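1. give me coordinates for this.
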Amino acid sequence: MKTDITSSFVRVCRKLDELRFRSTVNWGVLGKNIFRNSQLKASTRLFLFWLCSIIDQFYGYVTLWTKGEKAMLRLIEDNPRSFSEVKDKIENLRRDRKGNILGDIFFNGGKIGLVRDDYKRINNSFEFLTRYNKPEPNLGIKFAKVLGELIAGCHGKNGVLKMAYFLDGWMFSNILISLDPTLTELHRFREKPRKRLWMFIMFLRRDPSVLNLFQKALIEVHGNNNGNALFSIWNDKSRFDPKEVELPGDMWNQRLFKALLSELPKFLKQKPKQTARELALRYDLSPSIFDVTFELGANKCRSMECSLCPFGDNQLCHKGKEKFCSITDWLFPYYEKGHHGIMCNPEDCPIGKDLGKSLCTRKIDREITH
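-> Predicted coordinates:
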C-alpha cells in the first residue's frame with residue numbers, strides 16, 4: 001500500500017508541535033528577566049516578552065531570548081511613560097566610541113542589532129500605549145490592560161483572529177483600523193506577513209511558562225477575580241479557538257511544502273499560509289503546527305551546520321537501524337525528554353524518504369519577511 005506522504009508529513013509536524021508546547025519546556029538560561037526576575041512586575045515582564053517577540057530580525061533563538069532580552073530590558077528598566085523617554089536612550093545605546101550611530105544596541109559589554117523594522121515596531125508599541133487613555137503609571141500595566149480588554153471584547157467566533165488584528169493595527173503597525181472589522185477585513189489582514197505577531201499569539205496561547213506569566217499579569221492589573229476570569233476566557237477553546245492561530249509563514253515553509261507535498265496543486269504549494277490552512281482544515285488542526293518546519297531547518301542554516309540538516313543529505317535519518325531518533329538532540333536543545341527519549345518511526349517520517357534533499361540551498365534566506 002502506497003504511503004500517503006502528506007498524511008505522514010502532517011503526523012510528523014503534529015508530533016513535533018506537541019513536543020514543543022508540552023509542559024516539559026525548560027527555558028533554562030533563556031528569558032531570565034521575563035520569567036524569573038522578581039524585581040520586575042509581572043506586567044513589565046509581559047511587556048518585555050512582547051518587545052522581544054517583535055524584534056527578531058535574522059537572530060537565532062538563543063540570541064533573541066538572551067541578548068535581545070537584555071537589550072529590551074535596558075529600554076524599559078526606568079519605567080518610561082512614552083517613546084520620547086526611550087528614543088534618546090536608544091540613540092545613545094547605538095553610538096560607538098566616536099559618537100557615530102550604528103544599528104546595534106550595546107548593553108553590559110554585549111550588543112544586538114536593531115534594524116529599521118525593529119525600531120518602528122518598538123516606536124509603534126510605545127506610541128500606542130502612550131496615547132492609550134488610561135492613567136496607569138507605566139507602559140507594562142497599560143499593555144496588560146489592553147490584552148485584558150481585548151480578551152473581554154474579542155472572545156467568540158474569530159476571537160484569536162480579531163485579537164491579532166487589533167494588536168497588529170494598534171501596536172505592530174500603527175495604522176488606522178476598523179473597531180468592528182468585517183470578515184473581509186479580517187481575512188485581508190490574515191494574508192499579511194506577520195511572523196513575529198503570530199509567534200507572540202502562539203506562545204501566549206500555548207506555552208506553559210508564558211501562560212503562567214500572563215495569568216499573573218492579568219491578576220496584577222485587573223484584580224484577582226477579574227484577572228482569573230479573563231484568563232479563564234482566554235483558555236476557553238470555545239471562546240478563543242486555538243485552530244485560529246495562523247502559520248507565521250516564511251520562505252522556508254514554501255520550500256518545504258513545494259518539495260514534500262507532491263499531491264497539492266502547484267499554486268497552493270507556493271503559498272505557505274494557504275497551504276497550511278488547507279491542510280489544517282483537512283486534518284482538523286491549527287495551521288500554526290507547520291511553523292515547526294521552520295525550526296527544522298532555518299535555525300541551523302544560520303550557523304551553516306549542513307551536516308546536521310535533515311533536509312540536506314538526510315544525515316540524521318537512521319532508516320530504522322536505531323531505536324531512537326537523534327534528530328531530537330539537535331531540534332529541541334532546550335526541551336527535556338523522557339527517560340527513553342522520543343521514539344522514532346521511520347516508516348512514517350518523510351525525512352527518512354529522501355524527500356527533502358532539494359530543499360537545501362546551502363545559503364541563508366535573506367528575503368524572509370518577518
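2. measure stretch 258-275 end to end?
-> Chord length of stretch 258-275, first to last residue, is 10 Å (C-alpha to C-alpha, to the nearest Å).
3. let me see the mean pLDDT of it.
-> Averaging pLDDT along stretch 258-275 yields 74.
4. check what pLDDT Val25 gets.
-> For Val25, the pLDDT comes out at 50.
5. now do the contacts for the closest residue to Ser173 other than its chain neighbours.
-> Take Ser173 and drop its neighbours on the chain: the residue closest to it by C-beta to C-beta, 6 or more residues apart in numbering is Asn124, 6.5 Å away. All C-beta atoms are positioned from the backbone trio N, CA, C, and that covers glycine. Asn124 sits next to 171-174 when contact means C-beta atoms under 8 Å, 6 or more residues apart in numbering.
6. cool, Gly169 as well?
-> Gly169 touches 175-177, counting by C-beta under 8 Å, 6+ apart.
7. now, which of these lie within strands?
-> Counting by DSSP state E, no part of those is found in strands.
8. what is the lowest-pLDDT residue among those residues?
-> Leu176 (84).
9. report the separation between that residue and Gly169.
-> 7 Å (C-beta to C-beta, to the nearest Å).
10. show me where the stretch 1-150 of the chain has helices.
-> Taking DSSP state H, counting those that start in this stretch, the helices of the stretch 1-150 of the chain run over residues 5-20, 32-36, 42-53, 61-63, 69-76, 84-93, 116-131, 139-154.
11. is it true that Phe200 touches Ser53?
-> Yes - counting by C-beta atoms under 8 Å, Phe200 touches Ser53, with 4.1 Å between them.
12. of the contacts of Asn124, just the buried ones, ChimeraX syntax please.
-> The buried residues among the contacts of Asn124 can be selected in ChimeraX (16 or more other C-beta atoms under 10 Å) with this line:
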select :171,172,173
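13. could you find the closest non-adjacent residue to Asn253?
-> Asn253's closest residue in space is Pro272 (C-beta to C-beta, 6+ apart), at 3.7 Å.
14. please verify my assumption that the one you found contacts Gln254.
-> Yes - Pro272 is within contact range of Gln254, at 4.7 Å (criterion: C-beta under 8 Å).
15. in terms of neighbours, single out the busier of these two.
-> The residue with more neighbours, out of Pro272 and Gln254, is Pro272; 27 against 17, by other C-beta atoms under 10 Å.
16. before we move on, back to that, among the contacts of Gly169, which lie within helices?
-> Applying DSSP state H to these, no entry is found in helices.
17. just the buried ones from those residues?
-> Using 16+ other C-beta under 10 Å, no member of the contacts of Gly169 is buried.
18. distance of the closest residue to Arg206 other than its chain neighbours from Asp241?
-> Of all residues not flanking Arg206 in the chain, Phe21 sits nearest, at 4.5 Å (C-beta to C-beta, 6+ apart). Taking C-beta to C-beta as the measure, Phe21 falls 16 Å from Asp241.
19. and for Glu220?
-> 27 Å.
20. do Leu147 as well
-> The gap separating Leu147 from Asp241 is 18 Å, by C-beta to C-beta.
21. equivalent analysis for Lys192, please.
-> As judged by C-beta to C-beta, Lys192 and Asp241 stand 20 Å apart.
22. what's the answer for Ser178, then?
-> Taking C-beta to C-beta, one finds Ser178 at 21 Å from Asp241.
23. so for these two, which sits in the more crowded spot?
-> Neighbour comparison, Ser178 and Asp241: the larger count goes to Asp241, with 17 against 11 (by other C-beta under 10 Å).
24. give me the phi and psi angles of that one.
-> Here is the backbone geometry of Asp241 (degrees, to the nearest 10): phi -70, psi 120.
25. show me the strands in the chain, by range?
-> Using DSSP E, the strands of the chain run over 104-107, 110-113.
26. rank those strands by pLDDT, which is bottom?
-> Looking at those, the bottom one is strand 104-107 with a mean of 68.
27. against Phe83, how distant is Phe49?
-> Phe49 is 19 Å from Phe83, by C-beta to C-beta.
28. those two: who's more crowded?
-> Remark: of Phe49 and Phe83, Phe49 carries more neighbours, 27 against 19, as counted by other C-beta under 10 Å.
29. run a quick neighbour tally on the residue lying closest to the more buried one once chain neighbours are set aside.
-> Take Phe49 and drop its neighbours on the chain: the residue closest to it by C-beta to C-beta, 6+ apart is Ile34, 5.1 Å away. Residues near Ile34, counting by other C-beta under 10 Å, number 24.
30. give me the pLDDT value at Ile34.
-> At Ile34, pLDDT is 94.
31. out of the helices of the stretch 1-150 of the chain, flag the one nearest Asp207.
-> Nearest to Asp207, of all these, is helix 5-20, at 8.7 Å by C-beta to C-beta.
32. average pLDDT across the closest one?
-> 72.
33. just the C-alphas of stretch 125-135, formatted as PDB.
-> C-alpha atoms of stretch 125-135 as PDB (Å, rounded to 0.1, in the frame of the first residue of the first chain):
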ATOM      1  CA  SER A 125       4.100  50.000  20.600                       C
ATOM      2  CA  PHE A 126       5.300  52.800  22.800                       C
ATOM      3  CA  GLU A 127       3.300  55.400  20.900                       C
ATOM      4  CA  PHE A 128       0.000  53.500  21.100                       C
ATOM      5  CA  LEU A 129       0.400  52.800  24.800                       C
ATOM      6  CA  THR A 130       1.300  56.400  25.400                       C
ATOM      7  CA  ARG A 131      -2.000  57.500  23.800                       C
ATOM      8  CA  TYR A 132      -4.000  54.800  25.500                       C
ATOM      9  CA  ASN A 133      -6.400  56.700  27.600                       C
ATOM     10  CA  LYS A 134      -5.700  55.100  31.000                       C
ATOM     11  CA  PRO A 135      -3.900  56.700  33.900                       C
END
